[in-house]
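Colleague: coordinates only, sequence not included:
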């Protein structure tokens with residue numbers, strides 16, 4: 001439980017919320033107007049926005065537990081959640097393109113989902129991402145200018161005023177990393193040495209063109225994590241029309257013909273069916289949303305028949321198009337130890353692997369401690385140092401998810417397929433070379449003893465390092481993509497093709513992974529889903 005003091009009003013609210021939710025969950029109703037599955041970065045937004053109408057009954061179902069833990073609320077402790085009960089701890093299949101390694105792919109489990117275990121970086125994506133989404137969907141409301149307006153509405157920006165790009169009255173408290181480390185300022189100075197522009201914040205002009213460097217925006221308020229669950233759902237927990245059901249696993253969507261009419265869940269070891277009078281919304285993330293679809297008979301006919309699941313709707317794109325940002329950690333040793341500040345990741349940079357590009361394809365997050373992979377740790381990593389955690393913002397490689405069996409409790413098989421496209425290796429080489437140029441710039445000389453890994457490698461030796469160093473950014477996306485082609489799973493309004501009253505709102509609908517950390521785009525997906533649901537049902 002949390003150990004920091006609460007003000008009297010906060011204590012009163014927390015007590016009222018706890019008592020209200022205890023009443024609501026002890027007397028579950030046979031049906032609700034809407035069932036939102038997953039209380040992560042998108043589901044939290046959808047549930048809150050629907051529940052803002054007091055005449056609408058909303059059930060929010062979450063497989064994990066609450067977020068009342070220091071490992072969640074203390075920004076510095078986020079690494080302790082990896083591999084814990086707050087992590088689904090997915091494991092990809094051995095991948096020949098990363099020297100046969102089976103990469104761990106963490107994903108948040110519990111109220112807040114990834115926004116309760118991540119590094120708290122708020123990155124909106126690039127203008128070109130949203131315009132691409134709009135083009136794929138055939139709907140200009142997914143385009144950058146409309147999305148920018150949503151960002152302004154939902155933000156409570158704490159940095160220097162910038163009304164063109166930032167809003168100050170929304171639920172999401174966003175602030176620049178407070179009192180950044182000298183190593184973060186050195187990162188910006190190094191960028192300027194290389195001719196890369198720097199900006200006051202990373203969520204404005206910087207992401208409309210070639211990119212640049214800036215101190216990161218974070219979801220931290222009064223020194224505590226301000227997850228999207230805390231921003232959207234927690235203030236609504238005392239309401240009678242929002243029920244939040246934790247420790248409850250969604251097995252499948254219940255269908256009546258081609259209409260979603262509820263969900264089947266496991267709670268306290270019992271299988272329950274709960275009805276949805278209006279719609280079911282899946283916000284379970286890029287691994288579990290397609291998994292639940294397939295267990296519901298929605299997916300590729302051949303895949304479903306292979307494990308003996310009756311086909312209700314043939315959608316070959318379910319579980320395909322898996323994308324993630326792949327990263328390669330380059331590490332420098334400190335001349336004298338410098339303690340990490342805030343979350344330990346305070347400076348960010350986006351840039352291009354080739355000058356002729358019109359948008360960045362490289363993503364750099366500075367981490368103020370060593371972050372080797374399982375293999376590069378053996379190359380010699382200093383006890384005290386910093387990492388350029390840098391990788392591919394627009395990978396060309398695509399993976400796939402498969403079912404192991406018809407049992408909903410069986411693990412999903414993840415063929416991440418990272419680095420399978422040769423162009424990704426070319427981009428990775430440019431990425432690591434830029435890392436080394438940045439880390440070895442004059443700006444860092446007062447703070448570092450020297451470069452630890454990779455060193456001055458070229459050709460096959462550098463490619464070997466890249467395959468050994470490759471790890472995930474935990475930005476899994478794309479496995480139920482929005483679009484109009486034969487591999488699309490949802491349309492522009494996030495409705496599942498061929499099924500009524502079923503929508504998807506999470507990172508799985510992205511046609512391609514956004515440029516940067518994914519929680520902010522997932523908030524937008526939640527906001528757009530809620531807008532369309534309210535419009536459809538006249539709420």
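Modeller: Received, thanks. Quick caveat: nothing in here was measured; it's all calculated off a predicted structure.
Colleague: residues near the closest residue to residue 522 other than its chain neighbours, how many?
Modeller: Excluding the flanking residues, the one nearest residue 522 by CB to CB, 6 or more residues apart in numbering is residue 41, at 3.8 Å. All C-beta atoms are positioned from the backbone trio N, CA, C, and that covers glycine. Residue 41 has 32 neighbouring residues, counting by other CB atoms under 10 Å.
Colleague: so what's residue 41 up against?
Modeller: Residue 41 is in contact with 112-115, 228, 506-507, 518-519, 522-523, 526, counting by CB atoms under 8 Å, 6 or more residues apart in numbering.
Colleague: ok so it is a helix residue?
Modeller: No: counting by DSSP: H, G, I helix; E, B strand; the rest coil, residue 41 is located in no helix; its state is coil.
Colleague: how much space separates it from residue 349?
Modeller: From residue 41 across to residue 349, the span is 23 Å (CB to CB, to the nearest Å).
Colleague: looking at it, residue 320 is touching residue 483, isn't it?
Modeller: No: Residue 320 lies out of contact with residue 483 (CB atoms under 8 Å); the separation is 11.9 Å.
Colleague: for residue 230, give me phi and psi.
Modeller: Note on residue 230: backbone dihedrals following degrees, to the nearest 10 are phi -70, psi -30.
Colleague: what distance do you get for it to residue 53?
Modeller: Applying CB to CB, the value for residue 230 to residue 53 is 22 Å.
Colleague: can you check residue 433 too?
Modeller: The value you get for residue 433 to residue 53, if CB to CB is used, is 53 Å.
Colleague: again, but for residue 418
Modeller: Residue 418 is 43 Å from residue 53, by CB to CB.
Colleague: these two: which is more packed in?
Modeller: Using other CB under 10 Å as the criterion, residue 418 and residue 53 rank with residue 418 on top: 28 against 15.
Colleague: ok, now which ones touch the more buried one?
Modeller: Counting by CB under 8 Å, 6+ apart, residue 418 touches 95, 97-98, 103, 324, 326, 395, 397, 399, 424, 470, 472.
Colleague: element containing the closest residue to residue 233 other than its chain neighbours?
Modeller: In space, and not counting its chain neighbours, residue 233 is closest to residue 44: 4.8 Å by CB to CB, 6+ apart. For residue 44, the host element (DSSP states H and E) is helix 43-51.
Colleague: ok, now residue 436?
Modeller: Residue 436 belongs to helix 422-439, assigned by DSSP H and E.
Colleague: of all the residues in that helix, which ones are buried?
Modeller: 424-425, 427-432, 434-436, 438-439 (16 or more other CB atoms under 10 Å).
Colleague: check the offset of stretch 100-114 from the chain's centre.
Modeller: 10 Å (CA atoms, centre = their mean, to the nearest Å).
Colleague: isn't the residue nearest to residue 233 up against residue 112?
Modeller: Yes: with contact defined as CB under 8 Å, residue 44 counts as touching residue 112 (6.9 Å).
Colleague: which neighbours do those two share?
Modeller: The contact lists of residue 44 and residue 112 share 227-229, where a contact means CB under 8 Å, 6+ apart.
Colleague: what is the nearest of those to residue 382?
Modeller: residue 227 (32.3 Å; CB to CB).
Colleague: what segments of the stretch 301-450 of the chain are helices?
Modeller: Secondary structure of the stretch 301-450 of the chain by DSSP state H, counting those that start in this stretch: the helices cover 301-307, 422-439.
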